[in-house]
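# what's the 3D shape of this:
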Amino acid sequence: MDHRPDSAFSASSRYKKYMASLGVYYSNIVIGICTTFLSPLILDFSHKFNSSVDRVSMVFAIILVCYLLSALLSTIIFRYVNRQIVLIVSLSLTATAFFTIPRTTTVMEFFICSSLIGLGGGGYDAGQVAWIIDIWRDESPPFILTQHFTYSLGTLVPPLLLAPYLANKNETGDRNETGEVVPEKESELFIPFSIAGTLVVLAIVVQLALYIVFKSTKVPVVIDDQEQVIAGTSEESRERENISIPLESAKRKFYLVGLACCIIGFYQGLELCTQQFMPTFSHFSEVKLSETDGARVLFGLQLGYAIGRFAGIILVLKIAPHFIFAGNLVILLVSNTILLVLGGSSVEWLWVGSVTIGVGMSTVYPALYAYIEKYIFVTDSVAGVITIAGGLVSSVYPIIVGNSVQTRPQIMTYVNFASIGVCFFAFAALFWMTHSKNARRYKKLT
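From the prediction side, this is the model:
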C-alpha cells in the first residue's frame, strides 16, 4: 500500500507498467553504453591529439561537471515540464556527442563534444532514478534492481565494441587533410561511435512513444491529502499490512537524504574512477597490458558488475537491502586489496580483482535506494538532490587519479579505500537512525 498521489504511470494497468518499465530498461542499457564508452579510449585520444594521459583524462571531470549542472537544472525543470520531454532532450544531447566526438581534431573540441554526454546523462539520471519507484511504488525493489542491471548490461558493450578499433603502435593508415598519417583503426573510430549514437536515437524514439501513450492516461483524483491519509492509517493496520511510511520529522528526513548523498557520492566516485581508469591502471602497472588487453580487463569488470546485479534481482526478494549493501562493502574491500597487492604484478590476479570489484559494485546503488525508499518518498526532487550531491563528490576523483595514474597507478586503489571507509561509516549512521530510534514505528519491507 502506498499513500502517494497516483501518477499517470502508477494508475495504469500492469500491462502499461511493464511497457513503461521496458522503455526505462532499454534507455538504461543505452546510458550504460554511453557512460563507459570513453574509458578504453583515453590512450587512443592521447595519441591522436599528441597529449598526455592526465590532460586527456580531464574529460571525465568535464563530463561530471556538466552532469551536475544538467541534474541541477533538470530537478528544477521537472516541476514545470513533463519528465519524458526532459529525458528526450537529454538523450538527444547524448546522441549529438557520439556523432561528433570522432570528428574532433583538438583536445578542446574533444572536451566540448564530450561535455554533451554529461549534460545528457545528468538530465536522464535525475528523472529515471525516481521513475521506476513512481511506476511500481511498494512493489519497486526488484524493479529497481532490474533497472540497474540493465545499466550494467550496457557497460559490457564498449570494451567489446571498441576492441577491434583500438589503435596500437606502429600501425599505418590513411592521411588526413593536413597530410598527417592517421592509423587505420583510429580513422575507423567513427564506426563504433555511430553504432552507439544510433542506439541512443532508438532510445529517443522509445521515450517519445511512451510520452504519447501515457499522455492520455487519466489519473484518479485524490480527495484527502497525503498527511490525512497517513493519519487515518492506524499503527495496527500498518504493522498488519507490513508497509513502510515516511518519517514525519523534516529534520530526520534531511539527515536521511544527507547520509544517502554522502554514500552515493563516495560510492559513485569509486565506481566511475574504477571503470574509467581500469584500462589505464592495467597499462601503466607492472603487467603493462596493451590497450586492447586493458579493454578486455575492463570487460571482465563489467561482466562481474552485470552478473552481480542479475543476482541482486533475486536476492532482494529474500534478503533485506541493508544486508546486500554490507556484503557489497566487504567484497569491495577484498577486491580492492587484491588489485593493490597482487593485481599490478600478475595478470591472473588483475583479472580476479577486476571481476570481483565489479561484483562488489553491482548492487550498492540499487540496494541503497531500495532501503531508503522505505523511509522517505523518493520523488524527482529527492532523486535529483542525491544525484547532484553524489556527482559533486565524485567529480574530484578523475582529477586526483588522472594526475598520478601514469607514474603511480596504485592511486586508483588508494582513493577506493577512502570511499569504502566513508560509505561504511555513513551507512552505519543511516542504519542506526532508521532502526535504533524507529524500529517500533517503521516496519521493514519484506
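# who touches residue 315 in this structure?
324, 363 (Cβ atoms under 8 Å, 6 or more residues apart in numbering). For the C-beta atoms, the positions are set from N, CA and C on the backbone; glycine is no exception.
# run the last query once more with 6 Å
By Cβ atoms under 6 Å, 6 or more residues apart in numbering, the contact list for residue 315 reads residue 324.
# what's the answer for residue 434, then?
Residue 434 sits next to residue 375 when contact means Cβ under 6 Å, 6+ apart.
# For the helix or strand it falls within, buried residues please.
Using DSSP states H and E, residue 434 maps to helix 411-435. For helix 411-435, the buried set under the neighbour-count rule, 16 or more other Cβ atoms under 10 Å, comprises 411-413, 415-416, 419-420, 422-424, 426-427, 429-430, 433-434.
# got it, and stretch 115-130?
Within stretch 115-130, the residues scored as buried using 16+ other Cβ under 10 Å are 115-130.
# Stretch 328-342 now?
328-329, 331-333, 335-336, 338-340.
# Tell me the one of those residues nearest residue 22?
Nearest to residue 22 among the buried residues of stretch 328-342: residue 328, at 26.8 Å, using Cβ to Cβ.
# Could you find the closest non-adjacent residue to residue 293?
residue 282 (7.1 Å; Cβ to Cβ, 6 or more residues apart in numbering).
# residues in contact with stretch 407-419?
Outside stretch 407-419, the residues touching it (Cβ under 6 Å, 6+ apart) are 266, 269-270, 277, 281, 284-285, 336, 339-340, 400-401, 404.
# and what of stretch 364-372?
The contact list for stretch 364-372 (Cβ under 6 Å, 6+ apart) reads 141, 144-145, 148, 260, 263, 267, 321-322, 324-325, 328.
# And it, how far out from the chain middle?
The chain centroid and the centroid of stretch 364-372 are separated by 13 Å under Cα atoms, centre = their mean, to the nearest Å.
# Helix, strand or coil: sort out the nearest residue to residue 346 once chain neighbours are set aside for me.
Leaving out its chain neighbours, the residue that sits closest to residue 346 by Cβ to Cβ, 6+ apart is residue 287, at 7.0 Å. With DSSP: H, G, I helix; E, B strand; the rest coil as the basis, residue 287 sits in coil.
# Can you list phi and psi of residue 287 for me?
The phi and psi values for residue 287, taken as degrees, to the nearest 10, are phi -70, psi -30.
# now swap in residue 376 and tell me
According to degrees, to the nearest 10, residue 376 has phi -140, psi 150.
# now swap in residue 345 and tell me
Backbone torsions for residue 345, taken as degrees, to the nearest 10, come to phi -120, psi -10.
# Do you have the strands of this protein handy? List them.
Ranges of strands in the chain, per DSSP state E, are 173-175, 181-183.
# Residue 142 - how many residues pack around it?
The number of residues packed near residue 142 is 17, by other Cβ atoms under 10 Å.
# Residue 140 contacts residue 134, doesn't it?
No - contact criterion Cβ atoms under 6 Å: residue 140 and residue 134 do not qualify, at 8.7 Å.
# where does the stretch 101-250 of the chain have low pLDDT?
Residue ranges of the stretch 101-250 of the chain with pLDDT under 70: 167-187, 216-249.
# just the helices in it please.
107-136, 141-155, 157-162, 184-187, 190-215, 226-231, 235-241, 250-284 (DSSP state H, counting those that start in this stretch).
# Give the other helices and strands that the third one contacts.
Identification of packing neighbours for helix 157-162 by 3 or more Cβ pairs under 6 Å, 6 or more residues apart in numbering; DSSP states H and E yields helix 291-315.
# tell me which residues in the helix it packs on are buried?
Of all the residues in helix 291-315, those buried under the rule 16+ other Cβ under 10 Å are 291-313, 315.
# before we move on, what about stretch 54-70?
For stretch 54-70, a neighbour-count test (16+ other Cβ under 10 Å) marks 54, 56-70 as buried.
# which one of these is nearest residue 198?
residue 63 (21.0 Å).
# What sits closest to that closest one if chain neighbours are left out?
In space, residue 63 is closest to residue 118, 3.8 Å off (Cβ to Cβ, 6+ apart).
# Out of the buried residues of stretch 54-70, which sit inside helices?
Secondary structure defined by DSSP state H assigns 54, 56, 58-70 of the buried residues of stretch 54-70 to helices.
# any idea which of those is the one closest to residue 252?
Nearest to residue 252 among these: residue 68, at 26.4 Å, using Cβ to Cβ.
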